[in-house]
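Enquirer: Need a 3D model of the following:
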Amino acid sequence: MAAATAGFVHVACPKCLSQNRVDASRVLEAPKCGKCSTPLLDDAVVELDDASFDAFAARTSVPVLVDFWAPWCGPCRQMAPEFAQAARRLAGRARLVKVNTDLSQALAGRFGIRSIPTLVLLKDGQEAARTTGARLASELERWVATA
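Expert: Predicted structure coming up:
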């Protein structure tokens, strides 16, 4: 498991999945991957699937908020702009990711996803909290901060 070491956080690169050690005092300074130079803690929502999820989640010690969704789901589509807004507001403090349950059925099964959208908060790669239903950006921010 990727745990924070004294003064550092670990962050997986959303592109090459390499683990990067970032000085905790510099997480808001737009750190980039040491291998491929991709921004590590920017405001982009990361798309993950069965093949990339474990490598990303296990190598990231900042909170990871996962949105399990599907393209045909009305509430999922309705929440997408709110999720993106929360990603912008939480940049540097959390990583927001989306998992399409139609394309990642094994991952959805492993997490026991029964309804969507389902939001799972991971801390050091382990599930810390879960909720279902569409949420506003402000609710997502509070939930990440208090869970």
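Enquirer: Mind listing what's buried along stretch 15-28?
Expert: By 16 or more other CB atoms under 10 Å, the buried positions in stretch 15-28 come out as 17-22, 27. (Glycine included, C-beta is placed from N, CA and C.)
Enquirer: and of the residues you listed, the nearest to residue 109?
Expert: residue 17 (22.0 Å; CB to CB).
Enquirer: Contact partners for the closest residue in space to residue 147 that isn't next to it in sequence?
Expert: The spatially closest residue to residue 147, leaving aside those adjacent along the chain, is residue 129, at 3.7 Å (CB to CB, 6 or more residues apart in numbering). Listed by CB atoms under 8 Å, 6 or more residues apart in numbering, the contact partners of residue 129 are 120-121, 143, 147.
Enquirer: Most neighbours among those residues, please name it.
Expert: When neighbours are counted by other CB atoms under 10 Å, residue 120 leads the contacts of residue 129 with 21 neighbours.
Enquirer: Give me the neighbour count for residue 109.
Expert: For residue 109, using other CB under 10 Å, the count is 11.
Enquirer: moving C-terminal of whichever strand or helix holds it, what's the next helix or strand?
Expert: Using DSSP states H and E, residue 109 sits within helix 105-110. Elements were assigned by DSSP H and E; along the chain past helix 105-110, the next helix or strand is strand 118-123.
Enquirer: on that earlier part again, okay, the contacts of residue 129 in a markdown table with distance to residue 106 and pLDDT next?
Expert: Below are these laid out as a markdown table (distance: CB to CB, whole Å; pLDDT from 0 to 100):
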| residue | distance to residue 106 | pLDDT |
| --- | --- | --- |
| 120 | 15 | 98 |
| 121 | 21 | 97 |
| 143 | 26 | 95 |
| 147 | 25 | 86 |
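Enquirer: Cool, thanks, talk later.
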